[in-house]
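Asks: Okay, here's the prediction I keep looking at, along with the sequence it came from:
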Amino acid sequence: MLQKYWKLGPTVAACAAATAFAVAPLAAAGGPPGCVDMNGTGCAAPPPPPAPGYAPPAGWAPPPPAPGYVPPPAPGVAGAIPGGPGGVAGPGGAAGAIPGGPGGVAGPGGAAGAIPGGPAGAAGPGGASGVIPGGPGGVAGPGGAAGAIPGGPSGAAGPGGASGCIPGVGCGSVPAP
């Protein structure tokens, strides 16, 4: 007869305690790791209320910032999950990425994105482009468009006409009328 000499209860309790200890600083801080305000709380935590009856002395002013301090641009925001996705956004655009995974940027000048080892593309006022590694790729803009499949057909077209090739068959072009 088989007997189980160990129990799951202590293991589950130990894992729950370890998780609570690991997550407690993140939950208490209220902001990204390392983000601590002058009150010792996380950046997302509201400041503590002043003591009852407290008024700053006449002529008091807050101290100047430390040398080299650059305040964050307003009204931008940033956020990240430690070891996970992160992103930033502001008046100039936005960007985000997942470590080892897809990432992208967008702004007034256009947008771009990529998946490591996978497709990538960009688009903006001047046109767009995209490619799949080992697969088709193409570009397009006000002056025309072009595309190709590795080992396969390729072509281009624009205001002056169009041309293309098929491996093993031949190439052709047509001028614009």
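Replies: Done, it's in. Because the structure is predicted, anything quoted here is derived from the model rather than measured.
Asks: Please list the residues outside the helix or strand hosting A112 that contact it.
Replies: Per DSSP states H and E, A112 falls inside strand 110-114. Residues outside strand 110-114 that contact it (CB atoms under 8 Å, 6 or more residues apart in numbering) are 102-106, 120-126. C-beta coordinates here come from the backbone N, C-alpha and C atoms, glycine included.
Asks: mind showing which ranges of the protein have poor pLDDT?
Replies: 1-48, 50, 71-75 (pLDDT under 70).
Asks: can you give me the strands for this structure?
Replies: With strands called from DSSP state E, the chain shows them at 77-80, 86-90, 93-97, 103-107, 110-114, 120-124, 127-131, 137-141, 144-148, 154-158, 161-166, 170-175.
Asks: Can you lay out those strands as JSON lines showing distance to P63?
Replies: Listed next are the strands of the chain as JSON lines, based on distance: least, CB to CB, whole Å:
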{"stretch": "strand 77-80", "distance to P63": "26"}
{"stretch": "strand 86-90", "distance to P63": "28"}
{"stretch": "strand 93-97", "distance to P63": "34"}
{"stretch": "strand 103-107", "distance to P63": "36"}
{"stretch": "strand 110-114", "distance to P63": "42"}
{"stretch": "strand 120-124", "distance to P63": "45"}
{"stretch": "strand 127-131", "distance to P63": "51"}
{"stretch": "strand 137-141", "distance to P63": "54"}
{"stretch": "strand 144-148", "distance to P63": "59"}
{"stretch": "strand 154-158", "distance to P63": "63"}
{"stretch": "strand 161-166", "distance to P63": "68"}
{"stretch": "strand 170-175", "distance to P63": "72"}
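Asks: Make JSON lines from the ones you listed and add distance to Y69 and mean neighbour count to it.
Replies: As requested, these are exported to JSON lines (distance: least, CB to CB, whole Å; neighbours: other CB atoms under 10 Å):
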{"stretch": "strand 77-80", "distance to Y69": "17", "mean neighbour count": "13"}
{"stretch": "strand 86-90", "distance to Y69": "19", "mean neighbour count": "16"}
{"stretch": "strand 93-97", "distance to Y69": "24", "mean neighbour count": "17"}
{"stretch": "strand 103-107", "distance to Y69": "26", "mean neighbour count": "17"}
{"stretch": "strand 110-114", "distance to Y69": "32", "mean neighbour count": "17"}
{"stretch": "strand 120-124", "distance to Y69": "35", "mean neighbour count": "17"}
{"stretch": "strand 127-131", "distance to Y69": "40", "mean neighbour count": "17"}
{"stretch": "strand 137-141", "distance to Y69": "43", "mean neighbour count": "17"}
{"stretch": "strand 144-148", "distance to Y69": "49", "mean neighbour count": "17"}
{"stretch": "strand 154-158", "distance to Y69": "52", "mean neighbour count": "17"}
{"stretch": "strand 161-166", "distance to Y69": "58", "mean neighbour count": "15"}
{"stretch": "strand 170-175", "distance to Y69": "61", "mean neighbour count": "10"}
